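Asks: Pasting a predicted model and its sequence here:
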Amino acid sequence: MQIKLFDKTRWRLAAWYAGVMAVILAICGFSVYQVMIQAYLVSIDRELESVTGTLHNVIEPSLKQPAKIEPIIELILPNLCLANSDCPNSNHSKYQKFLHREHGMFSSVYQDKQYYIRFVDISDKLIAVAGFNPQELPQAFNSKTWQTLKDPQGNRYSQKSILLYTQSNQNWGYIQVGRSLKELDNRIFSFKIFFVIALPIGVILVGGSSWWLAGLAMQPIDKSYKQMQQFTSDASHELRTPLAAINATVETILDLEYLSEQEARETLRLIKRQNNRLAELVQDLLLLSRFDQKTQVVQKESCCLNDLINDLLEEFSDLANNTDLQLTSSLEYSQPLHVLGDEDQILRLFSNLIANAIQYTPAGGYVNVTLKRNNDDAVVEVRDTGIGIPSEEFPRIFDRFYRVDSNRSRSTGGSGLGLAIAKAIAQANGGSIEVQSQLSKGSTFIVRLPVFSAE
């Protein structure tokens, strides 16, 4: 669950994602729309140009007199209708029969594509028409080569005009070839409907995805903020405890009218213990901070783990005896096993683990330290028969100030930094640390460090 503090940032981030993606989708959609329409227009223009050019090349060599329809034209265009004759319109049954006549080299073109062909003399007078015959198109002649015309119903037509010459090189008149753009307009309308429906749906989907992605993007920040809050809370508590003890002791002494030398010494000892605890906590925090910032000096040298473990077992033997525990070792690798690292830091690493094991193992249990080699790694296992750790706590067990049972840890004097320092030291010396545990059966902390060979 994310902190509400970041909700506004998440909304803002999601809005930016959605806005940018919506603009990109709109631009891409509009570009695709324009490219497809332009490609279709180019295809229509090329087809119209091809039909017009073919008609020009077939008809022009047979023209003898200006504005006169030669027989060959009627053969080529079987439904040719002279301007002064009774020509059926496009809805007339007679016109439909014209369109279904099989002869004529261009009949299939103007039947399927709704082509019309007009012949106009040089004085702008209509001579004849053929093919699809839209009656409501503007009749005024325009000699522009390319035109787009529109009838009262809004249907559009693309038209090309070419000047024809007789065999004696006289101006015969013009041939105008036009094509209905209804198919194109239908496609344009379909595209518009599609984009009107698809774009909002796309924006909604992008908005939902943006909200989800913004949540993913905010998770590391949210986690860091929670860790910072937890760290601040824990650090404040740990610092407050010795400070409160010192303050209470001082106030008690100040309330006394008379203080003997023995009482003064006891008071000073108490203040010193709390001060030492406070100083130790601050030193641990500074050490972890230096490890985080990679500024902690690691003086790497050859360290014999056999000697380090023996020294630590001797050091903790009295503590183990006082708590009725068996502290043993198993050195499975008989030869001296050396690693390259900071000896003081490695000593503290294993000291923290052994002290932890003794602290949380009840009387009558045992703590065993095992040293062995696995390929190029030296492996040290600190195993106890203590209270164990629930498996769901494994991911957080090395966090700073983290305790499985905070009350129990504080009652035994733990600050919750021991395992965090152990992990930092292991990583700074090129190693790793992990935990295996079963609740009420004990825990095993496994440290791996790279073996150092002098050869």
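Replies: Structure received. If you're wondering where the values come from, they're calculated on a predicted model, not measured in any experiment. Residues are numbered from 1 along each chain as shown.

Asks: got a pLDDT number for Asn374?
Replies: The model reports Asn374 with a pLDDT of 87.

Asks: again with Leu308
Replies: 90.

Asks: how about the helices in the stretch 101-250 of the chain?
Replies: Counting by DSSP state H, counting those that start in this stretch, the stretch 101-250 of the chain has helices at residues 107-112, 182-255.

Asks: out of the ones you listed, nearest to Pro450?
Replies: helix 182-255 (29.5 Å; C-beta to C-beta). Every C-beta, even on glycine, is put in place using the N, C-alpha and C of the backbone.

Asks: now the helices for the stretch 251-400 of the chain?
Replies: So, for the stretch 251-400 of the chain - with DSSP H, counting those that start in this stretch - the helices run 261-292, 305-322, 343-359.

Asks: returning to that earlier point: tell me which of the helices of the stretch 101-250 of the chain is the most buried.
Replies: Of all those, helix 107-112 has the most neighbours on average by mean count of other C-beta atoms under 10 Å, namely a mean of 17.

Asks: and the helices of the stretch 101-250 of the chain as TSV, adding mean pLDDT?
Replies: Listed next are these as TSV, based on pLDDT from 0 to 100:
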stretch	mean pLDDT
helix 107-112	56
helix 182-255	80
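
Asks: Mind putting the ones you listed into CSV with distance to Gln296?
Replies: What follows is those, written out as CSV (distance: least, C-beta to C-beta, whole Å):
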stretch, distance to Gln296
helix 107-112, 84
helix 182-255, 18
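
Asks: Nearest to Met36 among those helices would be which one?
Replies: Nearest of the helices of the stretch 101-250 of the chain (C-beta to C-beta): helix 182-255, 7.1 Å.

Asks: tell me what the closest one is packed against?
Replies: Applying 3 or more C-beta pairs under 8 Å, 6 or more residues apart in numbering; DSSP states H and E, we find helix 182-255 packed against helix 7-59, strand 156-165, helix 261-292.

Asks: Just name the most buried of these.
Replies: Among the helices and strands packed on helix 182-255, highest average neighbours (mean count of other C-beta under 10 Å) belong to strand 156-165, with a mean of 18.

Asks: Let me know the angle separating that one from helix 7-59.
Replies: Here the directions of strand 156-165 and helix 7-59 differ by 30 degrees (axes from the mean of the first three to the mean of the last three C-alpha atoms, to 10 degrees).

Asks: Please enumerate residues in contact with stretch 175-185?
Replies: Residues outside stretch 175-185 that contact it (C-beta atoms under 8 Å, 6 or more residues apart in numbering): 37, 40-41, 44, 47-48, 51-52, 55-56, 59, 113-120, 132, 134, 137, 148-149, 155-162, 164.

Asks: if you set the cut-off to 7 Å instead, what comes out?
Replies: Under the criterion C-beta atoms under 7 Å, 6 or more residues apart in numbering, residues 40-41, 44, 48, 51-52, 55-56, 59, 113-120, 132, 155-162, 164 lie in contact with stretch 175-185.

Asks: for Lys150, what are its contacts?
Replies: Arg156.

Asks: Number the residues from 2 up from this point.
Replies: OK, 2 is where the count begins now, so the last one is Lys151.

Asks: which regions of the stretch 302-451 of the chain sit below the pLDDT cut-off?
Replies: 405-416 (pLDDT under 70).

Asks: burial measure for the residue nearest to Ile123 when sequence neighbours are not counted, as a count.
Replies: Closest residue to Ile123 apart from its sequence neighbours, by C-beta to C-beta, 6 or more residues apart in numbering: Asn172 at 4.9 Å. Asn172: 13 surrounding residues under other C-beta atoms under 10 Å.

Asks: and Asn172, bridged to which residues?
Replies: Tyr166 (DSSP bridges).

Asks: In this structure it contacts Pro67, no?
Replies: Yes: in terms of C-beta atoms under 7 Å, Asn172 counts as a neighbour of Pro67; the distance is 6.4 Å.

Asks: quick one: common contacting residues for the two?
Replies: Joint contacts of Asn172 and Pro67 (C-beta under 7 Å, 6+ apart) are Ile123.

Asks: picking that back up, got a markdown table for the helices of the stretch 252-401 of the chain, with distance to Ser210 too?
Replies: Putting these into a markdown table (distance: least, C-beta to C-beta, whole Å) gives the following:
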| stretch | distance to Ser210 |
| --- | --- |
| helix 262-293 | 35 |
| helix 306-323 | 53 |
| helix 344-360 | 46 |
